[in-house]
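A.B. asks: Next come a sequence and a model predicted from it.
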Amino acid sequence: MEYLLQVKIGALVGLLLLTLLFGFIPARVKWFRNTNGTETHRTVLSLISCFAGGVFLAACLLDIIPDYLSDVRDVLDAQKVETSFPLPEFIMAAGFFLVLIVERIVLNFREMRGSREERSPLMADNRNGHGHGHSHGAADLESSGHHVHVDFQAHSPFRSFMLFLSLSLHSVFEGLAIGLQSTDSKVLEICIAILVHKSIIVFSLSVKLVQSEVRPLWVAAYIGVFAVMSPLGIGIGISVVEAQLASGALIQAVLEGLAAGTFVYITFLEILPHELNSPGKQLLKVLFILLGFSVMAGLTFVG
């Protein structure tokens, strides 16, 4: 086996193990899963979440979108496609609206189901001696003018899944960049950058999954699949190099654009609003968002 291939396989194994390690810290440590802790505990968890929000914001603006725009323009130039229409941005917008439409359909279904469930059990519960409690709840519902008291804007399993999906797709492309390299020094350079970058990303993703109250088994599954994505990309890149294939660049660029649009939606409509709209420690939250952004920006600047 030639040395370059050995380096790529070493990068594959290293990425897999380190991602699993950092991903399972929030998932397995009980402190992160404790939702009934002290005020200090909740504040620290909120600040960690803000730091993660800054990390995702930087990943969105400084990594995923620039990578996608660069790749798609290279593909369009190679295909000799010239148009005044902003096609790369349109593909990204399609990813944004895809998540928006799917989420609204899911939430609309939950609202309809919640309304049906709310109408049916009230009389049955009254007969079981819980009339006072439910009557009070019904009065609250009437006075509020709403039928379903669910904070759909909080961390939701659906949005966490979309975050996981967009990050996983991006990880495949990161791994692909390693697998397609022709020199061992470039492989090591890119691999070290991705190792640091992905360790912070997977830790932040795990925190978000835990806060969304995703079941522990599913959190483990998400982290496991996410950890496999970069090695999968490396494997695909190695296969392309070995087989000397050049097709599929346009499909890759389109998928990158959809993933980027998904990530824009999750970052700006889920992660940041949830923390900034919750009361308390506003300036401290902004500081930790800036801190998370600065860490990722520094890593990007270093290379």
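C.D. replies: All right, it came through fine.
A.B. asks: and stretch 59-66, how far apart are its ends?
C.D. replies: 10 Å (C-alpha to C-alpha, to the nearest Å).
A.B. asks: which of the residues in that stretch are buried?
C.D. replies: 59-65 (16 or more other C-beta atoms under 10 Å). (Glycine included, C-beta is placed from N, CA and C.)
A.B. asks: Equivalent analysis for stretch 268-287, please.
C.D. replies: Neighbour-count burial for stretch 268-287 [16+ other C-beta under 10 Å]: 269-272, 274-275, 285.
A.B. asks: centre of the chain versus that stretch, how much separation?
C.D. replies: Stretch 268-287 sits 17 Å away from the centroid of its parent chain (C-alpha atoms, centre = their mean, to the nearest Å).
A.B. asks: pLDDT on that stretch, on average?
C.D. replies: The pLDDT scores in stretch 268-287 average 81.
A.B. asks: Send over it as PDB, restricted to the C-alpha atoms.
C.D. replies: Presented in PDB, the C-alpha positions along stretch 268-287 are these (Å, rounded to 0.1, in the frame of the first residue of the first chain):
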ATOM      1  CA  PHE A 268     -31.000  31.900  12.100                       C
ATOM      2  CA  LEU A 269     -34.500  30.600  12.800                       C
ATOM      3  CA  GLU A 270     -33.800  28.000  15.500                       C
ATOM      4  CA  ILE A 271     -30.400  28.100  17.300                       C
ATOM      5  CA  LEU A 272     -29.900  31.900  17.800                       C
ATOM      6  CA  PRO A 273     -33.500  33.000  18.400                       C
ATOM      7  CA  HIS A 274     -34.100  30.300  21.000                       C
ATOM      8  CA  GLU A 275     -31.400  31.500  23.300                       C
ATOM      9  CA  LEU A 276     -31.700  35.300  22.600                       C
ATOM     10  CA  ASN A 277     -35.500  35.200  23.100                       C
ATOM     11  CA  SER A 278     -35.300  33.500  26.500                       C
ATOM     12  CA  PRO A 279     -35.000  36.000  29.400                       C
ATOM     13  CA  GLY A 280     -31.900  36.600  31.500                       C
ATOM     14  CA  LYS A 281     -28.200  37.200  31.000                       C
ATOM     15  CA  GLN A 282     -28.700  38.800  27.600                       C
ATOM     16  CA  LEU A 283     -25.300  40.500  27.400                       C
ATOM     17  CA  LEU A 284     -23.500  37.400  28.700                       C
ATOM     18  CA  LYS A 285     -25.300  35.300  26.000                       C
ATOM     19  CA  VAL A 286     -24.200  37.700  23.300                       C
ATOM     20  CA  LEU A 287     -20.600  37.500  24.600                       C
END
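A.B. asks: could you point out where the stretch 101-250 of the chain is predicted with low confidence?
C.D. replies: Within the stretch 101-250 of the chain, the segments meeting pLDDT under 70 span 110, 114-156, 177, 180-182, 186, 189-190, 193, 197, 240-248.
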